[in-house]
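Undergrad: Sequence isn't available, so here's the structure alone:
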């Protein structure tokens, strides 16, 4: 339940994040040349541990799979960073694809955000099971999503294919409705 | 509904996975040398046991990896999960696959 002393905080806030740059990165994380190349382009090696993320310059790099990551950067920087990654990984068995335009990120925050997500996800997103920096691909109401919790507060970022963003957004609105109606 | 332990992501709901059928079926090294019935047997025939069964699964809506699951088809118990290229723990049934 929401803290009754904090009456000004809405139980759930749903927002569509401004456009951002995203680069899908694939490569062999056991290859030192790949790790060094990524580090030279974005300032950090890709995180090897499942469902974790690392700050990368002004952006962040999210683990998607044992050989796949998503680099999130400012929209204006996407092309430059993708080119820098391509140059740094030239000749290696790796792939760099700018995918920012194909994805939309929705942010869900507020004390009841976990309850809203729990209606449509089988993933346990309670703060102690899904700590700050945690990210995971899963399904939200049958839609494939990437869920990311950037910080310690109850704010979750739901990244979804642009073609599914209207569906996901309306589904979240509907799921949040009961927490927003006056008692 | 099954809870499957992806070797990479940990325990997740079955809805995130795709089942790829029986595991450890080896493509014949020289398909041209096979008769039609032998080729059909390789293509279509599966063991379909009542009991322990080794299957390929893909964590489609997670890390996207293929891996193997040993599952009991009657109780749905998942006996073991192992990565591609790794063998299952020896279960003492004399079957090397």
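TA: Yep, that arrived. None of these values were measured; they are calculated from a predicted model. Residues are numbered from 1 along each chain as shown, chains lettered A, B, ... in the order given.
Undergrad: Tell me the residues on chain B that lie near chain A, please.
TA: When proximity is defined as Cβ under 8 Å from any Cβ of the partner chain, chain B approaches chain A at B:8-10, B:12-13, B:15-16, B:61-65. Quick note: C-beta positions are derived from backbone N, CA and C, even for glycine.
Undergrad: Go again with 10 Å.
TA: B:1, B:3, B:6-16, B:59-65, B:83 (Cβ under 10 Å from any Cβ of the partner chain).
Undergrad: Among those residues, the buried ones, what's the PyMOL command?
TA: Only the buried entries of those go into this PyMOL selection, using 16 or more other Cβ atoms under 10 Å in any protein chain shown:
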select buried, chain B and resi 6+7+8+9+12+13+16+59+60+61+62+63+65
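Undergrad: got the contact list for the residue nearest the centre of chain B?
TA: Among the residues of chain B, the one closest to the centroid is residue B:55, at 1.6 Å (Cα atoms, centre = their mean). By Cβ atoms under 10 Å, 6 or more residues apart in numbering or on different chains, residue B:55 lies in contact with B:19-24, B:67-71, B:73, B:78.
Undergrad: one more time with 7 Å, if that's ok
TA: With contact taken as Cβ atoms under 7 Å, 6 or more residues apart in numbering or on different chains, residue B:55 is in contact with B:19, B:21-23, B:69, B:71.
Undergrad: can you give me the strands in chain A?
TA: In chain A, the strands defined using DSSP state E lie at A:13-16, A:20-26, A:53-56, A:59-65, A:68-74, A:95-98, A:103-109, A:135-140, A:143-148, A:155-161.
Undergrad: and the third one, what does it pack onto?
TA: By that I understand strand A:53-56. When contacts are defined as 3 or more Cβ pairs under 7 Å, 6 or more residues apart in numbering or on different chains; DSSP states H and E, strand A:53-56 sits against strand A:59-65.
Undergrad: Hmm, residue A:150 is touching residue A:157, no?
TA: Yes - the pair residue A:150 / residue A:157 is scored as a contact, 6.4 Å apart, by Cβ atoms under 7 Å.
Undergrad: which residues do those two both contact?
TA: By Cβ under 7 Å, 6+ apart, no residue touches both residue A:150 and residue A:157.
Undergrad: Tell me which residues of stretch A:41-49 come out buried.
TA: Using 16+ other Cβ under 10 Å as the burial criterion, the residues of stretch A:41-49 that qualify are A:41-42, A:44-47.
Undergrad: so who does residue B:72 touch?
TA: Contacts of residue B:72 by Cβ under 7 Å, 6+ apart are B:51-52, B:79.
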